[in-house]
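J.: structure, please.
(2 chains)
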Amino acid sequence: MIRIKAPLDICSHAVSLLALALVFPYIDLFARVTVVACALFGIYCDKKGRYPVPTVAATIFSVGIFVMYALKFTMANPVLPAVHILALLLAVRLASAKEPRNYLQMYALSLFLLAGYSLLSLSAAFLGYLAAMVILIAVSLVLLTFHATDREMWVSRGEARTLLLVSTVIPILSLFLMVLFFFVLPRTQYPIWNVLNKAGQSTTGMSETVAPGRSGSVAEVKKPAFRVSCRRIPQENLYWRGIVLNYFDGATWSRGEVPDEKSPPLGGSFVDQTIYPEPNRGRYLPALNIPASIRGVRGTMSPDRVFSTAEAPTRRLKYEARSVLVENMPVEGEGLSDIYLQLPENIPSRISELARQLFKGATTTEERVARLRSFYQNQRFAYSTTRLPTGSDALEKFLFETKSGHCEFFASTFALLLRVGGVPARLVGGYYGGEYNEIGAYYLITEDMAHVWVEVFIPGKGWVTIDPSGYARNFREVGDARTAARKGLARLLSVLDTLNYYWNQAVITYDLEKQITLFTRAGAGLRQATLPRNLAWIALILLAVCCLAICGYFSFRYARMSPEARIIKSLRRKLKKKYGDLPLPEAKGLFELADELNDPDLRKFAELYYATFFRDRKSSPEEIASLRRLLNDLK
Amino acid sequence: MSISGIAGWLNIRHLEVRLDKPEEVYAGCETRIPVRIRNRKRWMPSFLIRLKLAGGEELLPVLARGGEVRGALSLKFNRRGITRLTEAQVCSSFPINFFVRCRPATLDECVVVFPFPRPCGISVPGAGKGEGGAMPATVKGFEGEIVRISVYTGGEPMKSIHWRLSARHDELKVKELSAFMQEPVIIDPSEMPGKTVEERLSCSAFAVKKFVREGRPVGLRLPQQLIHPAVSNSHRLNLLTSLATYDQDQGTT
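T.: This is a model prediction of the structure:
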């Protein structure tokens, strides 16, 4: 025998612990210690059935927690204090005595915590947590119904198994309905929930400045930056343009005032992309180099073809970009702002000297660029993210001593040398590479693919894209590593990322607009529904198979019944028709029933029935037929 | 909500309720009446079924699909007579304790409620202690005086062996006792003490139970019928049934 309280406690603990585990990484040390202590204590108390903490003490502690974290509540950061309060209230609830209504409080707090977690993390894993939470809470609620009816209820093991099975089926069915409701229930045009998520956690991702020499090594974070749904593109074209940096102060490249310049529409091979950036990535919208237009998000395009929104988007969004795979961006008009020739006040003498030597005698811009290219190729620089030159003379060290560095060193020195040589140049920040996911047909671009290259202004051509890092002797390996298909565990992670991709595509970015499109399409599809010839046949065959299966099942059941059982079944059907809702208990004999109903026909039938079946030989088909006839006459 | 609603709706459907008639039910006395609930659903068990009938309630935690569970209802009928039970309520708070859903279950049961046997001073001939009383019967019995001593034949009960006498003889001797035969009594409810018919019937019921317990043949004189005295249990139930249905139209007076 099992006491109902035991599985109820197990399920309730699972619900609470799941909710607490989800928010655990986001809460402070005090909350963590309290949550762990209360949870362990609560489980122990439930096991022993003794609750030493008085209710008053628990209430006072809860009020204290509420006040403590409510003081930290600001409009800019409302989520974390709320999550702390919820987590600690749940922990206190776990540690104190539990009436049925307290169990309900625990479930409500757990659900709120899950909602809070969805504001802190928007991964597809949420769906799994939600499903687990729904199943656990539904089972707990059913068990709680038993517990509330009788606190000391015991059931057998078999009964407990049946109960758990039925109570699990309920939430599983409701999960199916949830999917339906997700698409059908009306939505607001703007996500209301998002108001709470205004607090930008951290703006990792593509940097808005480039400062080579700031640190000795770069940690490569394999965190998704954005995903791009588009056709497969050759590796050498996988440059995702984000930001243009035009001002150099000697240590840092940044984005200064953008001079007005007109570029004519780009011509060439178009690539349409749908881009799903991760939230809190800053306000610049990356797209394949060179972007021609961006749709689906409210933003602006600056004259240097940098697309940005007014504020960094905090929710998941998607936008469509159209890019042209060309190397140069023509500029209308002759005059180009001097800003692209801007130089810091103190240029290291070795760099000035190098520029002077390199460009000596070169009359055209193209020639200067060509000389610089061959210089980089001849120097046999190495691409590396460790043992980087640091300090104020990092660029000199890179060029003349270590000859090893990452893209920032290559691009900075290349642009600087060009500017010293009187050639307008600017840095472009973005990403290089991308793992193509065959299942989802999209590129995954991770933060470690962040990259910087150079655009050089060549009269007649406009801005020409040059990636100086490409002159490093080992750069091909870097490119290969960034685009190679994953293997083993990494491949599994890639499959998981596909789930994330579909989650963002189907759920997170599902809004009113998509919902209307869905309904419009469904309506149009129904109006113009023309089934393909084959489909109609398949449907017909399936229907026939289903009909045959159903007929087969009923025939099998009918064949298993004895002739007398079949006749009795027909008789009961007839009597039900004749006497309506009158109770006809199966335990009653036919004679008894005939007397009760005062039905002479039934009595006659009963006599023949008993004479036919209740004797020492098998009834003949004639006898059964005559019984059937009598049954048919029964009116 | 919709799934739990459907589950709750299905939970109380296709349940068949049957009562096992108790032998004796007295007006105003709480009686445990055995009840059987059968779940006629083929696929789904029923949970937390609360059966409500005539003020009584019984909780059945789990009813397996196609299975039957026995319980008992504590019922109290305030009036004597034949009480027809046509409907019970099958209720459940399953699956989630937010609301209780009920459904009527058809019954077709009759319960005969006997008058409450209220002790009273009985003044029927031969009922008093000094008046008449027992008279020895001619047949053998187990509680009367020793009639004679005979030889043990192997069929007599051990307690009838006369051990002291057997010790003096070579064979076992047994005591043969006479059976008491009480003088028969015929009860006329209209002559029983009491202000109202109900009081007189209660007194009659008490008398019937008392005389039968004492082994005294008891009969009943009703306005249209005379039931001859006898002492069996079925006779007692027959008398009590007659008292239960006595002049039912005037029963409330």
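
J.: go ahead and confirm B:Pro95 touches A:Thr145.
T.: Yes - if you go by C-beta atoms under 8 Å, B:Pro95 and A:Thr145 touch, sitting 6.6 Å apart. Every C-beta, even on glycine, is put in place using the N, C-alpha and C of the backbone.

J.: domain map for chain B?
T.: By the assignment in automatic domain parsing, chain B contains the domains B:2-114, B:134-181, B:185-250.

J.: looking at those, which is closest to chain A?
T.: domain B:2-114 (4.1 Å; C-beta to the nearest C-beta).

J.: end-to-end on stretch A:331-340?
T.: 14 Å (C-alpha to C-alpha, to the nearest Å).

J.: with just CA atoms, put stretch A:310-320 into PDB.
T.: Coordinates of each C-alpha in stretch A:310-320 appear next as PDB, following Å, rounded to 0.1, in the frame of the first residue of the first chain:
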ATOM      1  CA  ALA A 310      17.500  53.300 -32.800                       C
ATOM      2  CA  GLU A 311      18.000  51.200 -29.700                       C
ATOM      3  CA  ALA A 312      19.500  47.800 -29.100                       C
ATOM      4  CA  PRO A 313      16.600  45.300 -29.500                       C
ATOM      5  CA  THR A 314      16.100  43.300 -26.300                       C
ATOM      6  CA  ARG A 315      13.700  40.800 -27.800                       C
ATOM      7  CA  ARG A 316      14.300  38.300 -30.500                       C
ATOM      8  CA  LEU A 317      13.700  39.600 -33.900                       C
ATOM      9  CA  LYS A 318      14.200  38.700 -37.500                       C
ATOM     10  CA  TYR A 319      14.800  40.700 -40.600                       C
ATOM     11  CA  GLU A 320      15.300  40.100 -44.200                       C
END
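
J.: how far does that stretch sit from the chain's center?
T.: 16 Å (C-alpha atoms, centre = their mean, to the nearest Å).

J.: same question, stretch A:124-138
T.: With C-alpha atoms, centre = their mean, you get 14 Å for stretch A:124-138.

J.: A:Phe248: what's it in contact with?
T.: A:Gln342, A:Leu343, A:Pro344, A:Ser412, A:Ala415, A:Leu416, A:Arg419 (C-beta atoms under 8 Å, 6 or more residues apart in numbering or on different chains).

J.: in helices only, show me the residues you listed.
T.: A:Ser412, A:Ala415, A:Leu416, A:Arg419 (DSSP state H).

J.: between these, which sits nearest A:Leu597?
T.: Nearest to A:Leu597 among the ones in helices among the contacts of A:Phe248 is A:Ser412, at 103.2 Å by C-beta to C-beta.

J.: OK, contacts around the residue lying closest to the closest one once chain neighbours are set aside?
T.: Leaving aside its chain neighbours, A:Ser412 sits nearest to A:Pro212 (5.0 Å; criterion: C-beta to C-beta, 6 or more residues apart in numbering or on different chains). For A:Pro212, the contact set (C-beta under 8 Å, 6+ apart) comprises A:Leu388, A:Pro389, A:Ala394, A:Leu395, A:Phe398, A:Gly405, A:His406, A:Glu408, A:Phe409, A:Ser412.

J.: mind putting these into CSV with pLDDT, secondary structure and neighbour count?
T.: Formatted as CSV, these follow (pLDDT from 0 to 100; DSSP: H, G, I helix; E, B strand; the rest coil; neighbours: other C-beta atoms under 10 Å in any protein chain shown):
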residue, pLDDT, secondary structure, neighbour count
A:Leu388, 85, coil, 22
A:Pro389, 86, coil, 21
A:Ala394, 88, helix, 23
A:Leu395, 89, helix, 25
A:Phe398, 90, helix, 23
A:Gly405, 89, strand, 27
A:His406, 88, coil, 22
A:Glu408, 90, helix, 26
A:Phe409, 91, helix, 29
A:Ser412, 93, helix, 27
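
J.: any regions of the stretch 301-450 of chain A where pLDDT drops low?
T.: For the stretch 301-450 of chain A, residues meeting the criterion pLDDT under 70 lie at A:314-315, A:333-335.

J.: up against chain B, what does it have?
T.: Residues of the stretch 301-450 of chain A found near chain B (C-beta under 8 Å from any C-beta of the partner chain): none.

J.: tell me the confidence at A:Asp46?
T.: Looking at A:Asp46, its pLDDT reads 91.

J.: and it, what helix or strand is that in?
T.: Assigned by DSSP states H and E, A:Asp46 belongs to helix A:29-48.

J.: cool, A:Leu88 as well?
T.: helix A:79-95.

J.: for that helix, name the packing helices and strands.
T.: helix A:5-23, helix A:29-48, helix A:55-70, helix A:100-120 (3 or more C-beta pairs under 8 Å, 6 or more residues apart in numbering or on different chains; DSSP states H and E).

J.: let me see the contact set for the nearest residue to A:Pro171 once chain neighbours are set aside.
T.: For A:Pro171, ignoring the flanking residues on the chain, the nearest one in space by C-beta to C-beta, 6+ apart is A:Ala138 at 3.6 Å. Each residue near A:Ala138 by C-beta under 8 Å, 6+ apart is listed here: A:Ser167, A:Thr168, A:Ile170, A:Pro171, A:Ser174.

J.: can I get those residues in a markdown table including distance to B:Arg164, secondary structure and neighbour count?
T.: As requested, those are exported to a markdown table (distance: C-beta to C-beta, whole Å; DSSP: H, G, I helix; E, B strand; the rest coil; neighbours: other C-beta atoms under 10 Å in any protein chain shown):
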| residue | distance to B:Arg164 | secondary structure | neighbour count |
| --- | --- | --- | --- |
| A:Ser167 | 74 | helix | 25 |
| A:Thr168 | 78 | helix | 15 |
| A:Ile170 | 79 | helix | 21 |
| A:Pro171 | 82 | helix | 22 |
| A:Ser174 | 86 | helix | 17 |
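
J.: show me what from chain B comes close to chain A.
T.: Counting by C-beta under 8 Å from any C-beta, chain B sits next to chain A at B:2-4, B:7, B:16, B:18, B:44-45, B:47-48, B:59, B:61-62, B:64, B:93-97, B:106-108.

J.: show me what contacts residue 99?
T.: Going with chain A. Counted by C-beta under 8 Å, 6+ apart, A:Glu99 has zero contacts.

J.: wait, chain B
T.: B:Ser93.

J.: state the mean pLDDT of stretch A:58-68.
T.: 91.

J.: and for stretch A:14-29?
T.: 94.

J.: okay, that stretch in CSV with CA atoms only?
T.: The C-alpha coordinates for stretch A:14-29 follow below in CSV (Å, rounded to 0.1, in the frame of the first residue of the first chain):
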residue,chain,number,x,y,z
ALA,A,14,10.3,17.9,-8.4
VAL,A,15,8.2,20.9,-9.5
SER,A,16,9.8,23.3,-7.0
LEU,A,17,13.4,22.0,-7.5
LEU,A,18,13.0,22.3,-11.3
ALA,A,19,11.9,25.9,-11.0
LEU,A,20,14.6,26.7,-8.5
ALA,A,21,17.3,25.0,-10.6
LEU,A,22,16.4,27.1,-13.6
VAL,A,23,16.9,30.4,-11.9
PHE,A,24,19.7,29.3,-9.7
PRO,A,25,22.5,30.6,-12.0
TYR,A,26,20.9,34.1,-11.9
ILE,A,27,20.3,34.6,-8.2
ASP,A,28,22.8,36.0,-5.7
LEU,A,29,24.9,34.1,-3.2
